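>>> Okay, sequence plus prediction incoming.
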Amino acid sequence: MQQRSSQKQEISSPRPAAEGTAILEFYRRPGGLTSPGRFTALFDELPGDVAALVRTVQGLVLHQYMAKAYGVTLSAERAGECHIRSVERMLECLLAHDGRPLATSRPAERRLAGVCSHFTSLVTAMLRARGVPARARSGFGDYFNPGYHEEHILCEYWHAAEARWVRVDTQLDEVWHRQLHVDFDPLDVPPDRFLGAGEAWARCRAGVADPAQFGIFVGDLRGLWFVAGELVRDLAALNRMELLPWDVWGAMPRPGQPLADDQLAFFDQLASLSRAPDPAFARLRGRYEADDRLRVPATVFNAVRNRPESI
């Protein structure tokens with residue numbers, strides 16, 4: 001697929017208008033989970049454009065649900081790598097499998113076994129290391145399972161030349177292209193193909209989208225309660241706390257839980273913040289820091305492993 005020329009340019013530190021400086025500076029810095037930590041120096045050798053960084057991550061991570069398409073059968077131990085949250089720990093695991101420089105693509109069996117959040121956290125960390133504002137976004141893609149919007153996490157980075165946020169789906173390599181028949185540029189995902197959690201919530205609440213179409217195929221978990229949980233994850237990611245897609249805390253509803261009027265009003269407010277996070281940046285940051293229902297605690301509930309875990 002032909003990529004847009006705007007993504008081929010060398011990335012560099014942008015110089016935004018004065019009113020946007022604080023926002024871009026915030027997303028230029030790593031969060032607690034996206035810091036490469038003791039492996040920071042390894043990022044120095046990485047390529048300097050977005051498309052090349054995306055290819056680099058594709059050579060480092062294997063999506064656990066697509067492993068067989070790459071000729072790999074994951075052991076239970078290897079599949080457990082998908083529960084790693086921090087970039088530093090991801091890099092530690094990667095290097096244990098294959099100690100070569102990060103720019104060297106690994107055979108599929110020696111990649112980190114992960115999911116969308118691992119692709120996204122790594123490319124977000126690499127972009128931030130280059131001084132490029134980047135952030136993870138939680139929401140729903142319509143290109144995985146026809147007729148449904150599947151839970152997904154991808155990266156937004158600030159394109160300085162075009163003065164806009166560009167969404168990148170890092171996991172969509174050629175294998176994914178063949179499987180899904182991708183008909184758009186994954187280096188610039190159209191807004192109608194990936195709906196941020198706030199947009200998905202607003203559409204469901206307005207009656208223009210069916211909540212039963214939003215969720216995840218694993219366990220067939222779908223509904224407005226699921227979209228509400230994704231709203232909390234997206235708000236956390238917008239505050240540089242990038243969690244696993246099955247981490248649960250605070251205000252997230254239980255599976256299948258009907259939402260009372262006060263809950264609906266609460267999530268309406270969150271959706272208004274995350275649909276357009278830059279104009280609402282000060283309120284978004286303040287609301288997150290002040291509300292225990294939103295702020296990520298030291299321990300979250302891993303809904304896949306059915307146990308609390310420290311982050």
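Thanks, I have it. What you see is a predicted model; the values in this text were computed from it and never measured. Numbers count the residues shown, from 1 in each chain.
>>> residue ranges of the strands in this protein, please?
61-63, 112-114, 134-141, 149-159, 164-168, 194-196, 214-216, 221-222, 247-248, 299-302, 307-310 (DSSP state E).
>>> what's next to the second one, contact-wise?
Contacts of strand 112-114 from elsewhere in the structure, counted by C-beta atoms under 8 Å, 6 or more residues apart in numbering, are 60-64, 67, 74, 78-82, 84, 90, 93-94, 97, 118. All C-beta spots, glycine's among them, are computed from the backbone N, C-alpha and C.
>>> now swap in the third one and tell me
By C-beta under 8 Å, 6+ apart, the surrounding residues in contact with strand 134-141 are 27-28, 117, 120-121, 123-124, 127-128, 149-158, 167, 169, 193-197, 199-200, 214, 227, 230, 233-234, 237-238, 240, 242, 245.
>>> Check those residues for burial and list the buried ones.
27-28, 117, 120-121, 123-124, 127-128, 149-158, 167, 169, 193-197, 199-200, 214, 227, 230, 233-234, 237-238, 240, 242, 245 (16 or more other C-beta atoms under 10 Å).
>>> In contact with the residue nearest the centre of the chain, which residues?
The chain has Ile153 as the residue nearest its centroid, 3.2 Å off, counting by C-alpha atoms, centre = their mean. Applying C-beta under 8 Å, 6+ apart, we find Ile153 in contact with Cys116, Ser117, Thr120, Ala136, Arg137, Ser138, Gly139, Ala237, Glu242, Pro245.
>>> which one of those sits closest to Ser310?
Each of those was scored against Ser310 by C-beta to C-beta, and Glu242 proved nearest at 15.9 Å.
>>> Check whether the closest one really touches Gly32, as I assumed.
No: assessed by C-beta atoms under 8 Å, Glu242 is found out of contact with Gly32, at 9.2 Å.
>>> ok so, going back, can you tell me which of the contacts of Ile153 is closest to Thr56?
Using C-beta to C-beta, Thr120 comes nearest to Thr56 of the contacts of Ile153, at 13.7 Å.
>>> low-confidence ranges in this structure?
Along the chain, the parts satisfying pLDDT under 70 run over 1-19.
>>> That one: helices as residue ranges?
Ranges of helices within the chain are 21-28, 50-58, 76-79, 87-97, 116-129, 174-180, 197-206, 224-238, 261-275, 281-290, based on DSSP state H.
>>> Distance to Asp188 for the ones you listed - can I get that in TSV?
Converted to TSV, these look like this (distance: least, C-beta to C-beta, whole Å):
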stretch	distance to Asp188
helix 21-28	18
helix 50-58	10
helix 76-79	32
helix 87-97	24
helix 116-129	14
helix 174-180	15
helix 197-206	17
helix 224-238	20
helix 261-275	20
helix 281-290	23
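>>> who wins for proximity to Ala108 among the ones you listed?
Closest of the helices of the chain to Ala108 is helix 174-180, at 9.0 Å (criterion: C-beta to C-beta).
>>> Please enumerate residues in contact with that closest one?
With C-beta under 8 Å, 6+ apart as the criterion, helix 174-180 contacts Met1, Met66, Ala69, Tyr70, Tyr143, Phe144, Leu172, Val182.
>>> how near is the last one to Gly207?
What it means is Val182. 30 Å (C-beta to C-beta, to the nearest Å).
>>> Show me which of the two is the more surrounded one.
Neighbour count, other C-beta atoms under 10 Å: between Val182 and Gly207, Val182 has more, with 17 against 7.
>>> Now the more buried one: closest residue in space, sequence neighbours ignored.
Spatial nearest neighbour of Val182, excluding adjacent residues (C-beta to C-beta, 6 or more residues apart in numbering): Leu172 at 5.8 Å.
>>> Check Leu33 too.
Distance criterion C-beta to C-beta, 6+ apart; nearest residue to Leu33, sequence neighbours excluded, is Ser86 at 4.8 Å.
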